[in-house]
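> Dropping a prediction and its sequence here:
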Amino acid sequence: MNRKTQPDLKLIDQLYLPAVEKSKLDNGIPLYSINAGNEDVVKLEFIFNAGKWQQQKKLAAYMTSRLMKQGTAKMTSREISDELDFYGASVKCENNADEIRFEITTLSKFVGPVFKLSSEILTEPSFPQHEMEIIVKNQKQRLMVNKKKVEYLARVKCMSSLFGQNHSYGSEPMEEDYDSFQLKDAISHYENFVHGGNCLVIASGKLPDGFHQSLQKYFGMKDWVKQPMNIENNKTIEANEGNHLINMDDASQSAIRIGKILFDKRHADYNGLRVLNVILGGYFGSRLMANVREDKGYTYGIYSSLQSFQHSGYMMIGTEVGTDVTEAAREEIYKEIQLLIDEPVKQEELQCVKNYLSGSMLSAFDGVFNVSAALSNLLPYGLDFDFVHLQFETVKNITADELQSLAIKYYQAESFTEVIAGAVNQEVKKS
């Protein structure tokens, strides 16, 4: 091997994804199985439509997801942890804007006892009052710390400005929300949304013999299925667009957040805009990084992200800079946005981004658990791996002219909402 000669470059022409077997448990819960991998490990994920979008009171989804593991009708949280440790298993319960996700990971040989324990956690949580009080106390302390951070204040204000502070996607809990939250609010959210009639299941890994029988035994109960609760479509977006300043006289940095409401990943322009976003600020070689970080030295990092919810989506640019260069950094951000409108991306840069995205997609599907994670981000939208192939084809075939058209359509400066938090005492106007 001649180490002075670099390996030949090979363009990625096609994605190969494993087969997904679709079926149902006896109680009607949709099941998606990916039987692959070399290690004797299994992951089971329940995805409930039970996130912030569904909650009837602030914190309900969060508290439900936190409290479900804190005890059952038969076991304390300590006993649950000890038994999981005994089997070398893990159980996670988390919430996001649209869902509560309950994830079980275990060795294949312990599927039976771990599923039994997990079924008890899912179907018989005790919601202990003292555990809720501990969570409330800790979160209020964390909130007090966060409210002194410019990056937290800018992000929260930007989201509430985009969607409205009373909207599910735009609201963040404050001290009074923790003070007014009651255990019955979490129990109500659990009873209405965390059940077999409101979820789907993804099984992945090296599924052992008898796996589906165990799954059916512990999660296929008909009495766990209820009619999904209808959520009234009253989530009106009340955007407060324009510029917003949050002054903190003692801040050494300013946090800049520039965003706009867009759409979810099912929109026809989503995949193309995803490529454009990477060019702007979606990876380390992006234009914002090259300009604001590498050339000007205003920041350690700057990003642009494209986020999808089930019922909306948004774009956000974010960075923290020295207070003395806040306005200069802000001007450079809008300069890079305008360049994408005014000039087509050069072919060399475009090919570099295409190579990056193609390689990232390969990495994202490396291993059975990465595959199941990707699938879990599609199924709630009614999508499958056909969408991934469409993304890949978009990356391969999109042109500079198409990207410029998207920039003209979505990147006009006046369409962005801007928040700056830090030592700012005068109005900042868009260039």
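On my side now, so go ahead.

> Where do the helices of the stretch 251-400 of the chain begin and end?
For the stretch 251-400 of the chain, the helices defined by DSSP state H, counting those that start in this stretch cover 270-277, 287-288, 326-342, 347-364, 368-376, 385-397, 400-410.

> I misspoke; the intended subject was the stretch 1-150 of the chain.
60-67, 77-87, 111-123, 129-146, 150-163.

> Am I right that Leu245 sits in a strand?
Yes - assessed with DSSP: H, G, I helix; E, B strand; the rest coil, Leu245 lies in a strand.

> still on that earlier bit, and of the helices of the stretch 251-400 of the chain, who's closest to Glu151?
helix 326-342 (13.5 Å; Cβ to Cβ). C-betas here are computed from N, CA, C, even on glycine.

> Report the angle between the closest one and helix 400-410.
On the basis of axes from the mean of the first three to the mean of the last three Cα atoms, to 10 degrees, helix 326-342 is oriented at 130 degrees to helix 400-410.

> In terms of secondary structure, what does helix 326-342 contact?
strand 253-261, helix 287-288, strand 313-322, helix 400-410, strand 417-422 (3 or more Cβ pairs under 8 Å, 6 or more residues apart in numbering; DSSP states H and E).

> contacts for the second one?
Applying Cβ atoms under 8 Å, 6 or more residues apart in numbering, the contact partners of helix 287-288 are 279-281, 302-304, 317, 319, 333, 336, 339-340.

> related to what we said a few turns ago, let me have the helices and strands packed on helix 326-342 in a markdown table, extended by mean neighbour count and mean pLDDT.
Supplementary listing: the helices and strands packed on helix 326-342 in a markdown table, determined by neighbours: other Cβ atoms under 10 Å; pLDDT from 0 to 100:
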| stretch | mean neighbour count | mean pLDDT |
| --- | --- | --- |
| strand 253-261 | 23 | 96 |
| helix 287-288 | 24 | 98 |
| strand 313-322 | 22 | 97 |
| helix 400-410 | 17 | 98 |
| strand 417-422 | 25 | 96 |
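
> Make a markdown table from the ones you listed and add distance to Tyr152 to it.
Shown next, in a markdown table, are the helices and strands packed on helix 326-342 (distance: least, Cβ to Cβ, whole Å):
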| stretch | distance to Tyr152 |
| --- | --- |
| strand 253-261 | 8 |
| helix 287-288 | 21 |
| strand 313-322 | 11 |
| helix 400-410 | 27 |
| strand 417-422 | 8 |
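
> Let me know which of these is the nearest to Gln70.
Here strand 313-322 is closest among the helices and strands packed on helix 326-342 (Cβ to Cβ), at 32.8 Å.

> strand partners of the closest one, parallel vs antiparallel please.
strand 253-261 (antiparallel), strand 302-308 (antiparallel) (DSSP bridges).

> returning to what we had before: okay if I get the helices of the stretch 1-150 of the chain as TSV plus distance to Val395 and mean neighbour count?
Shown next, in TSV, are the helices of the stretch 1-150 of the chain (distance: least, Cβ to Cβ, whole Å; neighbours: other Cβ atoms under 10 Å):
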stretch	distance to Val395	mean neighbour count
helix 60-67	34	25
helix 77-87	40	14
helix 111-123	38	20
helix 129-146	36	13
helix 150-163	27	22
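
> Ok, which of those comes nearest Asp98?
helix 60-67 (9.2 Å).

> before we move on, the earlier item: and of the strands paired with strand 313-322, who's closest to Gly197?
The nearest among the strands paired with strand 313-322, by Cβ to Cβ, is strand 302-308 at 25.0 Å.

> Low-confidence stretches in the stretch 251-400 of the chain?
Under the criterion pLDDT under 70, no range of the stretch 251-400 of the chain is flagged.

> can you check the stretch 101-250 of the chain too?
232-234.

> What residues of stretch 218-227 count as buried?
218-221, 224-225 (16 or more other Cβ atoms under 10 Å).

> Ser358 touches Phe392, doesn't it?
Yes - using Cβ atoms under 8 Å, Ser358 is in contact with Phe392, at 7.2 Å.

> that older thread, I'd like the strands paired with strand 313-322 written out as JSON lines, with distance to Val41 added.
Shown next, in JSON lines, are the strands paired with strand 313-322 (distance: least, Cβ to Cβ, whole Å):
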{"stretch": "strand 253-261", "distance to Val41": "39"}
{"stretch": "strand 302-308", "distance to Val41": "29"}
